[in-house]
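Participant: Model the structure of this input:
(4 chains)
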There are 2 protein chains.
Amino acid sequence: MHNLTRKQQEILDFLLNNQACFPHPPTLEELCAAMGLKSRGSMHHQIKALIDAQLVEPPERKQRGIRLSQQAKDWAADPQSAGGLPFVGSIAAGRPIEAIENISYLAIPEQIKTDKPCYVLKVKGDSMCEEGILDGDWVVIEQRSHARNGEIVVALIDKAEATLKFIEQYPHETLLIPANSKMQALRYQPQQVEIQGVLVGQMRSYIHRTPNPGGFAPSADAGRPGD
Amino acid sequence: MHNLTRKQQEILDFLLNNQACFPHPPTLEELCAAMGLKSRGSMHHQIKALIDAQLVEPPERKQRGIRLSQQAKDWAADPQSAGGLPFVGSIAAGRPIEAIENISYLAIPEQIKTDKPCYVLKVKGDSMCEEGILDGDWVVIEQRSHARNGEIVVALIDKAEATLKFIEQYPHETLLIPANSKMQALRYQPQQVEIQGVLVGQMRSYIHRTPNPGGFAPSADAGRPGD
DNA sequence: CAAGATTAGAACAACAATAGAACAAAAAAA
DNA sequence: TTTTTTTGTTCTATTGTTGTTCTAATCTTG
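Facilitator: Numbers count the residues shown, from 1 in each chain, chains lettered A, B, ... in the order given. As a prediction, this is how the structure comes out:
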């Protein structure tokens, strides 16, 4: 996350500190003037880096000036949560993602996330239990809109329901496959299924967990030698 | 671990104490000026040692200034237990814990650890797969020598083999119960089993994971309609 | 003294930052 | 509408900065 050069940091700090000074988002030229540069191209080079770092909104070929991303503003408001990933809500098969009100940030170890933008969801339900993803687990999702077959994705179905499943995409249908032998794979038209991210990490707390959850209670007599 | 020379310690202290003074991470030259050296090369010689000691981020030929590693910052915040947890090795059922040479420290989220001393192990084997603990997962273990029935523990058997299992302790025997229906519970005399810690957290990376691991591959024909 | 630590200084390669030109899309003006 | 201006984008060449390596000299410590 902190792979900014010193100049990029300087520009970012400038944008954060002088946010109020500009009535409208500044253009490249205005920024050049404000920071003493003579070439728009040079400034763009720096801004591009900030866009890649998700700190400035990508303008998508419109001309509306340089605007800081929400992430950058959050980061300024709460430097503590720097590097943390947003915990955006919980996902239960068959419902929209249940967003939480106060977005909090979790410090996620490098090992279970990627360089790209990620977010965290809490899992509800057992549709992936045979993959070791249980009710109450956190999952780290890399934000992207495409996936390879066999990956586990957050899929939005008919723009209404969100679910965490294995995905298999074929020309004329998309399969969403649970990891629970009691459940069936779901068939959809490709255009019904919108990928919202791909699973890159998972974690679980055993601190407030009931000893034997999830229907996988280890029955003591399973293989228990007779006396 | 800390085989630093005097000068190296001095520079490290300087970096720790003056962290706030530098708006951006200092360059070698700035550090020279701040500490009264005249040669970048000399400063680099010292910084190199700190990089080797994992106390300064390796810049990988980028130019983003001298930045302390997370480990160094944690160490400063709490010299006793350095924020991150020690990753001490891997545990496979039926073998001693396989210690690794260079103990590294992982930053573990608050949510999956406790206030008490913890350490991290990598899991090998599928003996707990039905509890959602798969081969290759990391587990966070709270260091203690007793457990309640139904907790998952790191148990040392006959002072030789280590294993991760559910525990059930009775006056005259101790059961170590896997979460894998293909495996059997193990019976021991209480004095044969030494508890080395209790599971408090777990995490998993899907980044370098083969799509369908662990014998729980989602068979695409489970519920898949015929074409 | 001898070994190791520290330093200055030069030289180098990789990277970063810049200006400037040219282009395309959007917005504004005619 | 058409024309003009603004704005973001891309590209190249140039310059400056930074980390790195090396050598030799100096300092410290047992």
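Participant: How is residue A:58 assigned, secondary-structure-wise?
Facilitator: Using DSSP: H, G, I helix; E, B strand; the rest coil, the structure places residue A:58 in coil.
Participant: Confirm for me that residue A:187 is in contact with residue A:173.
Facilitator: Yes: using C-beta atoms under 8 Å, residue A:187 is in contact with residue A:173, at 5.5 Å. Just so you know, the C-beta spots here come from the backbone N, C-alpha and C atoms, and that holds for glycine as well.
Participant: Quick check: neighbours shared by those two?
Facilitator: Counting by C-beta atoms under 8 Å, 6 or more residues apart in numbering or on different chains, residue A:187 and residue A:173 have no common neighbour.
Participant: Quick check: residue A:52 vs residue A:110, distance?
Facilitator: Between residue A:52 and residue A:110 the distance, using C-beta to C-beta, to the nearest Å, works out to 19 Å.
Participant: Could you tell me how many residues sit around the residue nearest to residue A:192 when sequence neighbours are not counted?
Facilitator: Once flanking residues are discounted, residue A:192 sits nearest to residue A:158: 5.4 Å by C-beta to C-beta, 6 or more residues apart in numbering or on different chains. Per other C-beta atoms under 10 Å in any protein chain shown, the neighbour tally for residue A:158 reads 11.
Participant: For residue A:158, give its distance to residue A:38.
Facilitator: Distance from residue A:158 to residue A:38, by C-beta to C-beta: 52 Å.
Participant: The longest strand anywhere in chain A pairs with which strands?
Facilitator: Looking across chain A with DSSP state E, the single longest strand is strand A:193-205. Strand A:193-205 has its sheet partners listed here by DSSP bridges as strand A:138-142 (antiparallel), strand A:152-157 (antiparallel), strand B:193-205 (antiparallel).
Participant: pLDDT of the shortest one, averaged?
Facilitator: Looking at strand A:138-142 alone, the average pLDDT works out to 95.
Participant: I'd like to know which residues of chain A are adjacent to DNA strand C.
Facilitator: Residues of chain A lying close to DNA strand C by C-beta under 7 Å from any atom of the strand are A:5-8, A:32, A:37-43, A:45-46, A:49, A:61-64.
Participant: Got phi/psi on residue A:88?
Facilitator: phi -100, psi -10 (degrees, to the nearest 10).
Participant: any idea how far it is from residue A:69?
Facilitator: Taken as C-beta to C-beta, the span from residue A:88 to residue A:69 is 15 Å.
Participant: picking up where we left off before, need the winner for burial among the strands paired with strand A:193-205.
Facilitator: Mean neighbour count (mean count of other C-beta atoms under 10 Å in any protein chain shown) peaks for strand A:138-142 among the strands paired with strand A:193-205, with a mean of 24.
Participant: Give me the contacts around that one.
Facilitator: With C-beta under 8 Å, 6+ apart as the test, strand A:138-142 has contacts from A:85, A:87, A:91, A:106, A:108, A:112-114, A:116-123, A:133, A:154, A:164, A:196-204, B:111.
Participant: same thing but 6 Å
Facilitator: A:108, A:112-114, A:116, A:118-123, A:154, A:197-203 (C-beta atoms under 6 Å, 6 or more residues apart in numbering or on different chains).
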